[in-house]
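*Asks:* fold the following and give me the result.
(one chain, ligands or ions: 1)
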Amino acid sequence: MDDAAAATADVLAALAPSWSAAVVLVSYLAYLAAAGALLPGKLVAGAVLPDSSRLHYRCNGLLSLLLLLGLSALGVYMGWMTPTVVADRGLELLSTTFIFSVIVSFLLYYTGLRSRHQSSSLKPHATGSFIQDWWFGVQLNPHFMGVDLKFFFIRAGMMAWLFINLSLLAKSYLAGSVNRAVILYQFFCGWYIIDYFIHEEFMTSTWDIIAERLGFMLVFGDLVFIPFTFTIQGWWLLGNKVELPLLASVANCIIFLIGYLVFRGANKQKHLFKKDPKAPIWGKPPKVVGGKLLVSGYWGIARHCNYLGDLLLALSFSLPCGASSVIPYFYPTYLLILLIWRERRDEARCSEKYKDIWAEYCKLVPWRILPYVY
Ligand code: NDP
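*Replies:* The predicted structure is shown next:
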């Protein structure tokens, strides 16, 4: 067997799902369910649904995350687990989680179709096409034992992203390969994820929560795609040493900072506007179209400035890997495609929902994502 064939055989063997990976996954999800139900957190009202009802979300993700970090540190200190436990089982966790997400999506499909509920969140929306209904989902906000599954899976995926990264950092530390590139990568991603949980309530007004049904696409996206592909740079840095020049590091930090300010600023402005349409934006009363759409701040520069910020952030997560390979650029490339597609879908939804008001907004703010380019 030549080297390539041997490497392929190793990867395939490592990809085999295992019961120990299933135990890690189920323990993790059980912890999150228990922490989500028991820990205190702000109760946030979700968007008003078509039947005028509103769901409520307990935003205790940050506390759940901090407690899990503390418990993991204790486990490592007491010798109950190794800090590299997640990274050591990376591929088997990936395949096990994939199987789990397929099973969950079938359960969602079958229970969704049988639902007799007429509320907007539980009413079945079936097109009759199995592939379409299984992929996009049947219900908007399915629940299991009182847990809002969509909110739960997003939380699980975002938190797993951080835990995989921390496990990779431990591996780099044990291998003596922690350098500037690794620190920058870890810092940028860690900041983004912790910031996400600090602002978890903003999630309640996003497209995924208010408009997307829960099917294979979201379950797989949250549980498999986010944690296992957004960490590709971390895996790549384990096997590839990058000597990042100081100037490149500074440029990388600037891209991260601008991306963060635009991303967080835009999402915050929209969230505040939805709560209080008179809240000042950049110190001035907001300019509004038809009483419904914000035209001030970032929302007056491009119709999805938040996507621009996110794309800059994604780029900053990959730049520490240098330019010798395209592999670490998977995340920004994927995000570019996803956000262009999503922007088109959101545009269609808003055009349908707001009609003339949306047309007026598009006249006032002609740029979709990047002013003067797109
Ligand atoms: P948005 O948060 O941009 O939400 C779009 C909705 O906001 C619209 O449907 C409309 O809903 C409302 N809206 C649009 N324009 C205006 C306006 N001018 N004034 C007031 N309300 C407006 O979209 P997403 O949920 O897609 O994205 C949220 C964040 O999540 C983004 O920063 C994105 O980059 C990020 N994201 C990251 C992903 C990743 O994989 N890393 C994947 C997807 C998203 P309404 O009907 O309520 O008015």
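*Asks:* where in this protein is the helix or strand with the lowest mean pLDDT?
*Replies:* Lowest on mean pLDDT, DSSP states H and E among the helices and strands of the chain sits helix 3-14, with a mean of 78.
*Asks:* now do the buried residues in that helix.
*Replies:* In terms of neighbour count (16 or more other CB atoms under 10 Å), helix 3-14 has no buried residues at all. Quick note: C-beta positions are derived from backbone N, CA and C, even for glycine.
*Asks:* average pLDDT for the helix or strand just after that helix?
*Replies:* Next along the chain after helix 3-14, taking DSSP states H and E as the criterion, comes helix 19-38. Averaged over helix 19-38, pLDDT sits at 94.
*Asks:* now swap in stretch 125-144 and tell me
*Replies:* 91.
*Asks:* returning to what we had before: by contact count, what packs against the least confident helix or strand of the chain?
*Replies:* Applying 3 or more CB pairs under 8 Å, 6 or more residues apart in numbering; DSSP states H and E, one finds that helix 3-14 contacts helix 90-114.
*Asks:* just give the nearest non-adjacent residue to the residue in the stretch 1-150 of the chain that the ligand sits nearest to, would you?
*Replies:* For the stretch 1-150 of the chain and the ligand, the shortest gap (CB to the nearest ligand atom) falls at A47, measuring 5.7 Å. Distance criterion CB to CB, 6 or more residues apart in numbering; nearest residue to A47, sequence neighbours excluded, is I210 at 4.4 Å.
*Asks:* next, give phi and psi for I281.
*Replies:* Backbone torsions for I281, taken as degrees, to the nearest 10, come to phi -120, psi 120.
*Asks:* CA atoms only for stretch 333-345, dumped as PDB, please.
*Replies:* In PDB, the C-alpha atoms belonging to stretch 333-345 read as follows (Å, rounded to 0.1, in the frame of the first residue of the first chain):
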ATOM      1  CA  THR A 333     -15.800  30.700   0.900                       C
ATOM      2  CA  TYR A 334     -18.800  28.700   2.200                       C
ATOM      3  CA  LEU A 335     -20.100  31.800   4.000                       C
ATOM      4  CA  LEU A 336     -19.800  34.000   0.900                       C
ATOM      5  CA  ILE A 337     -21.900  31.500  -1.100                       C
ATOM      6  CA  LEU A 338     -24.400  31.000   1.800                       C
ATOM      7  CA  LEU A 339     -24.900  34.700   2.600                       C
ATOM      8  CA  ILE A 340     -25.400  35.700  -1.100                       C
ATOM      9  CA  TRP A 341     -28.000  32.900  -1.400                       C
ATOM     10  CA  ARG A 342     -29.600  33.800   1.900                       C
ATOM     11  CA  GLU A 343     -29.600  37.500   1.000                       C
ATOM     12  CA  ARG A 344     -31.600  36.600  -2.100                       C
ATOM     13  CA  ARG A 345     -34.100  34.500  -0.200                       C
END
